[in-house]
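Enquirer: When you get a sec, could you give me coordinates for this:
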Amino acid sequence: MAIIAPVFMLVLVAIIELSMMFFATLTMQYAVREGARFAITGRANDGGTSTQQRYATVIAKIRDNSLGMYERMNCVVSVNGKSYASTSYSNAMFGGAGDMVVLQLDCTWPVTTPLLATFFTGGKNSFAVGATMRNEYF
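Expert: So this is what the prediction gives:
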């Protein structure tokens, strides 16, 4: 028992962390799809307040649908192949009516299990999720 139990627990924890990585990827895919669906409507706000901007509500939709993983993974937002820092967002980044919008998130999941950390560069699992949609005629 003393020989097998530590190995068994290490493998069990590695399986749990791998499943969390897959869950994070699927959750972020759902979140970016919901953000893109909101972006293509052309709405500038989501609550009737004139101070909210279109980009802020799209990012908020992604954050709301990510189950808290957006903040944990420090995702980078790319629209139509151009990466945006949080200070360079603008309403024009999603294009106009009829334009194609390619919304992508580049995320990193910090691997905490020592057994798995050796298989990932820098101990982090990097992945990208995206959604492509055409803007509605607004």
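Enquirer: Run a quick neighbour tally on T113.
Expert: 17 (other Cβ atoms under 10 Å). Every C-beta, even on glycine, is put in place using the N, C-alpha and C of the backbone.
Enquirer: For it, give me phi and psi.
Expert: Backbone geometry at T113, expressed as degrees, to the nearest 10, gives phi -80, psi 120.
Enquirer: Check it and give its pLDDT.
Expert: Looking at T113, its pLDDT reads 83.
Enquirer: That one reaches A14, doesn't it?
Expert: Yes. With contact defined as Cβ atoms under 8 Å, T113 and A14 form a contacting pair (5.0 Å).
Enquirer: Can you find the helix or strand of this structure with the lowest average pLDDT?
Expert: strand 82-84 (a mean of 73; mean pLDDT, DSSP states H and E).
Enquirer: residue ranges for the strands of the protein, please.
Expert: Taking DSSP state E, the strands of the chain run over residues 76-79, 82-84, 100-110, 124-134.
Enquirer: Now do M28, the pLDDT please.
Expert: 94.
Enquirer: Actually, Q52.
Expert: 49.
Enquirer: what's the answer for F22, then?
Expert: 94.
Enquirer: Could you export the strands of the chain to CSV, including columns for mean neighbour count and distance to T41?
Expert: Below are the strands of the chain laid out as CSV (neighbours: other Cβ atoms under 10 Å; distance: least, Cβ to Cβ, whole Å):
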stretch, mean neighbour count, distance to T41
strand 76-79, 19, 15
strand 82-84, 12, 20
strand 100-110, 18, 11
strand 124-134, 16, 10
